[in-house]
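[1] Coordinates for the following, if possible.
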Amino acid sequence: MLRGHDFVDGDPFPNDRNGHGTFVASTIAAAANNGFGMVGAAYRADIIPLRVLDAAGGSGSARIAEGIRYVVDRGAQVINASIELFQGSGTFNVRAMSITTAPEIRQAIAYADRHGVVVVAAAGNLGDAAVPSRRLAGSIIYVGGTTEHGCVGDYSNYGPGLDLVAPGGGADAAFAGDPNCAPGAPAGRNIFQVTFRRARPAGFVVPRDYRGTSMAAPHVTGVVALMLAAGTLGAHPTPEAVEQRLEATARDLGAPGPDRRYGAGLLDAAAALTAPP
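    Numbers count the residues shown, from 1 in each chain. The predicted structure follows:
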């Protein structure tokens, strides 16, 4: 754990007040032999912890953008953004938005790209076929969520900017003709990882109710960290080269070839690290 920052309270102590961020960080880099058995994908990676979301999981786009620039300036090589933007409130008035809709975040992601920093982002959880967009394609890797059955999760956005999918848990989407999808069947298992309950921050647990693209994105981030550490693409690959490698080695799902629901397909860590160019 490297020195981070709390952009909510404005101090150098980025303590998680929710549990979501700890779950995501654990998926990327939880230590081996930690007493739970939930090892992170890149368990020896360094983490720069930032707090940009309040205890309820809310934030403004300016604060998120400030956090992105902060870690770029401090030598981060890959950024995980398990966040989503939306407009409106209530159950029926919410509209999904790509995170690049916010000009501050868009400029911060472009800043990361210019400095060779890979940005991995959750596609979002409103089942929207128009989000994420293709804005800043090549500068951001959008990740959708799949279920235990290999189907798109019923929550996962699947717009034209979707790059690939990774495990997100939950129930299958109702996509007719997709052999992996059984929307009438019981939901698959959710994603398990070490974190804490918001009401009891002193006690670590492995909750069973975490699902969504926020859980899918850190699987990709962990694999990117492994690729960078192993020098799979050389010493200083561009974010676009990393994205292309992940897409070229993904397992095809749904219709043959890249498609709107799955992007290039399901993340394949072993292939991304070892397959011939």
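
[2] The stretch 1-150 of the chain: strands as residue ranges?
    Secondary structure of the stretch 1-150 of the chain (DSSP state E, counting those that start in this stretch): strands at 5-6, 50-51, 78-81, 85-87, 95-97, 118-122, 141-146.

[3] Residue ranges in the protein under the pLDDT threshold?
    Counting by pLDDT under 70, the chain shows low-confidence ranges at 89-92, 277.

[4] remind me, longest helix of it?
    helix 213-230 (DSSP state H).

[5] returning to that earlier point: arrange the strands of the stretch 1-150 of the chain in TSV, one row each, with distance to Arg197 and mean neighbour count as further columns.
    All C-beta spots, glycine's among them, are computed from the backbone N, C-alpha and C. TSV is the format used below for the strands of the stretch 1-150 of the chain (distance: least, CB to CB, whole Å; neighbours: other CB atoms under 10 Å):
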stretch	distance to Arg197	mean neighbour count
strand 5-6	20	20
strand 50-51	18	23
strand 78-81	22	24
strand 85-87	25	15
strand 95-97	27	19
strand 118-122	21	29
strand 141-146	22	31
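
[6] would you list those in CSV and tack on distance to Ala216?
    Converted to CSV, the strands of the stretch 1-150 of the chain look like this (distance: least, CB to CB, whole Å):
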stretch, distance to Ala216
strand 5-6, 26
strand 50-51, 20
strand 78-81, 11
strand 85-87, 17
strand 95-97, 16
strand 118-122, 7
strand 141-146, 4
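
[7] any idea how far Ala137 is from Gly168?
    Separation of Ala137 from Gly168 (CB to CB, to the nearest Å): 22 Å.

[8] Report the angle between the longest helix of the chain and strand 141-146.
    130 degrees (axes from the mean of the first three to the mean of the last three CA atoms, to 10 degrees).

[9] Report the secondary structure state of the closest residue to Ala202 other than its chain neighbours.
    The shortest distance from Ala202 to any non-neighbouring residue, by CB to CB, 6 or more residues apart in numbering, is to Phe196 (7.4 Å). Secondary structure, DSSP: H, G, I helix; E, B strand; the rest coil: Phe196 is strand.

[10] In the stretch 151-277 of the chain, mark out all the helices, start to finish.
    Secondary structure of the stretch 151-277 of the chain (DSSP state H, counting those that start in this stretch): helices at 213-230, 239-249, 269-274.

[11] buried ones in the longest one?
    Put plainly, it is helix 213-230. 213-228 (16 or more other CB atoms under 10 Å).

[12] Would you mind checking which of the residues you listed is nearest to Tyr262?
    Ala216 (11.7 Å; CB to CB).

[13] mind listing what the closest one touches?
    Residues near Ala216 by CB atoms under 8 Å, 6 or more residues apart in numbering: Ala122, Ala123, Val143, Gly144, Gly145, Thr146, Ser156, Val165, Ala166, Pro167, Gly168.

[14] can we see that at 7 Å?
    Applying CB atoms under 7 Å, 6 or more residues apart in numbering to Ala216 gives the contacts Ala122, Val143, Gly144, Gly145, Val165, Ala166, Pro167, Gly168.
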